[in-house]
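Asks: sequence and computational prediction follow.
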Amino acid sequence: MVAGFVVAIFIAAYALIIFGRLKRSVVALSAGLILAFARVFSEFGFDKVGELVDFNTLGLLIGMMIIVGVLRGSGFFQYASVRVIRFSRGRTRLLISFLLLTIGLFSALLDNVTTIILFAPILFFIADTAKKSPVPIMFASLLAANIGGAATLIGDPPNILIGSASGFGFLDFVMAVGPIAMLMLVFLVFYMDKRVFRSFVGAESELGDLPAMDPSKTIRSMKDLKISLAVFIAVLGGFAFHGMLGYEPSLIALAGAAAALLLTGKDFSELASDIEWDTLLFFVGLFLLSSALHVAGISEVLSASLSAIAVHEGLFYIMLLWITAALSALIGAVPTVAVLIPIMRTLTVSYGIPLDIWWAVSIGACFGGGATITGSAANMVAVGLMEKHMKTTVTYTEYLKFSLVPTLLVLSIGSVYIALRFVL
């Protein structure tokens, strides 16, 4: 009875999330609260919330959002963008290639949603100046952001969830997923240059004096830039050695956020718009939904089914990667990982399957989520910005036609990497 009710709420919530009838954060949180009011969680109260909601993930997100907000206010990201433009010297294809690389790298060090928000105005400006459609540039940037975000613990929300659930730290992600993510980023840049941006030859004359822009004029506060950049580097160092230090990544991120606010003299109200409240509430709802699946015993049933077919370890890893990728493209990478977390925990703890299966989930979710508009938060944010800029609708099919082939290619190469690195 309880299991059937949980499954019904789960399916209804995901259907609303997929078809976008309502805000996904509102849907997820409402579904989680319905389950709480229905007493699916025994003795639901504030003393039990910590068992159902992963505050390590939420703290990490909030801390990084604040630090990035201070960095943004200093003009750092505009400065970096102008540097890239100057380096290209007006050569359009080279400029786009370096922008894609920059977006991928920034997505690894920040997160892909923030990176897209920061770079979208720059990409629109370049496309408009070159008298080209911003659609291919934005679509390629989304693929770069999703691939680059896979490289680190903080780069893509699915990795934050996986890190908290598995215990893997920042360096674990860099060592395990970083190499294939960076390789695929370079591959994507070459692919886009040869297959998509050949038509941009001859646009150099339209770009005019862009390479002559002065980067120093983009800096709003040199003091805030130095402070926030130093804090950001210190936080990354803390992530790298958090295991030795004995502190959770969330505590390091929140400490960095507090330091950035104290040293720059800013307060929370000034940075409220930089905190993505919808994303945070969406995560809370997903935690409640996935906890309900576990409480109702559904996760154990799915785990037993998967363990029964895990006869050949290599094939199981690859199968898990593609299942994760397909579900991420269909219902979104974050919801998919949230559902898989209790299943993966059961597989590794109860059935003795190696912890390396988490890397198959990470690659599948991050790379697969980039295949559709609804697959990742960065994609949905970018499409909204594109529609506002172009005053037209960007269709699901339009993006899928662009992304499908490169996504299948990077997933195929990712499968080979998983097999060679963690199985053979």
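Replies: Structure received. Everything quoted here is computed from the prediction, not taken from an experiment. Residues are numbered from 1 along each chain as shown.
Asks: and the gap between Asp128 and Pro342?
Replies: 47 Å (Cβ to Cβ, to the nearest Å). Every residue, glycine included, has its C-beta placed from N, CA and C.
Asks: wait, Lys131
Replies: Distance from Lys131 to Pro342, by Cβ to Cβ: 51 Å.
Asks: so which of those two has more stuff around it?
Replies: Taking Lys131 and Pro342 together and counting by other Cβ atoms under 10 Å, Pro342 has the greater number of neighbours (20 against 9).
Asks: quick check: pLDDT value at that one.
Replies: Pro342 is assigned a pLDDT of 84 by the prediction.
Asks: for the helix or strand that it is a member of, packing partners?
Replies: Following DSSP states H and E, the helix or strand that holds Pro342 is helix 333-350. When contacts are defined as 3 or more Cβ pairs under 8 Å, 6 or more residues apart in numbering; DSSP states H and E, helix 333-350 packs onto helix 157-166, helix 277-295, helix 298-308, helix 313-331, helix 357-369.
Asks: just the angle between the second one and helix 157-166, please?
Replies: Between the direction of helix 277-295 and that of helix 157-166, the angle (axes from the mean of the first three to the mean of the last three Cα atoms, to 10 degrees) works out to 40 degrees.
Asks: pLDDT (mean, whole number) over helix 277-295?
Replies: Per-residue scores along helix 277-295 average to 77.
Asks: residues contacting Ile67?
Replies: Ile67 is in contact with Ser228, Val231, Phe232, Val235, Ala253, Gly256, Ala257, Ala260, counting by Cβ atoms under 8 Å, 6 or more residues apart in numbering.
Asks: among these, which two are most distant?
Replies: Across the contacts of Ile67, the longest distance by Cβ to Cβ is 13.6 Å; it joins Ser228 and Ala253.
Asks: who's in contact with the helix or strand encompassing His389?
Replies: Using DSSP H and E, His389 sits in helix 377-390. Helix 377-390 is contacted by residues 107, 112-113, 115-117, 120, 124, 134-135, 138, 141-142, 145-146, 149, 157, 279, 332, 334, 369-370, 372-374, 393-394, 399 when judged by Cβ under 8 Å, 6+ apart.
Asks: again, only this time at 6 Å
Replies: Asn112, Val113, Ile116, Ala120, Phe124, Met138, Leu142, Ala145, Ile373, Val394 (Cβ atoms under 6 Å, 6 or more residues apart in numbering).
Asks: could you count how many residues lie near the second one?
Replies: In terms of burial, Val113 registers 24 neighbours under the definition other Cβ under 10 Å.
Asks: how about Asp356, nearest residue that isn't a chain neighbour?
Replies: Spatially, and ignoring its direct neighbours in sequence, Asp356 is nearest to Phe422 (4.2 Å; Cβ to Cβ, 6 or more residues apart in numbering).
Asks: picking that back up, least confident of the helices and strands packed on helix 333-350, on average?
Replies: For these, where the average pLDDT is lowest is helix 298-308, sitting at a mean of 68.
Asks: from Ala140, how far out is the closest residue to Asn146 other than its chain neighbours?
Replies: Among residues not flanking Asn146 along the chain, Gly370 sits closest, at 3.3 Å (Cβ to Cβ, 6+ apart). Plainly put, Gly370 is 11 Å away from Ala140 if you go by Cβ to Cβ.
Asks: those two: which has the busier surroundings?
Replies: Taking other Cβ under 10 Å, Gly370 and Ala140 do not tie; Gly370 has more neighbours (33 against 27).
Asks: based on its surroundings, how many neighbours for Asp128?
Replies: 13.
Asks: just the element for it, please.
Replies: helix 112-129.
Asks: need the residues that contact the following helix or strand past that helix.
Replies: Downstream of helix 112-129, the first helix or strand assigned by DSSP H and E is helix 134-149. Residues outside helix 134-149 that contact it (Cβ under 6 Å, 6+ apart) are 100, 103-104, 107-108, 112, 115-116, 123-124, 127, 155-156, 181, 184-185, 188, 192, 196, 366, 370, 376, 378-379, 382, 386, 402, 406.
Asks: what residues of helix 134-149 count as buried?
Replies: Buried residues in helix 134-149, counting neighbours by 16 or more other Cβ atoms under 10 Å, are found at 134-149.
Asks: for stretch 125-145, measure first residue to last.
Replies: This stretch, stretch 125-145, spans 19 Å end to end (Cα to Cα, to the nearest Å).
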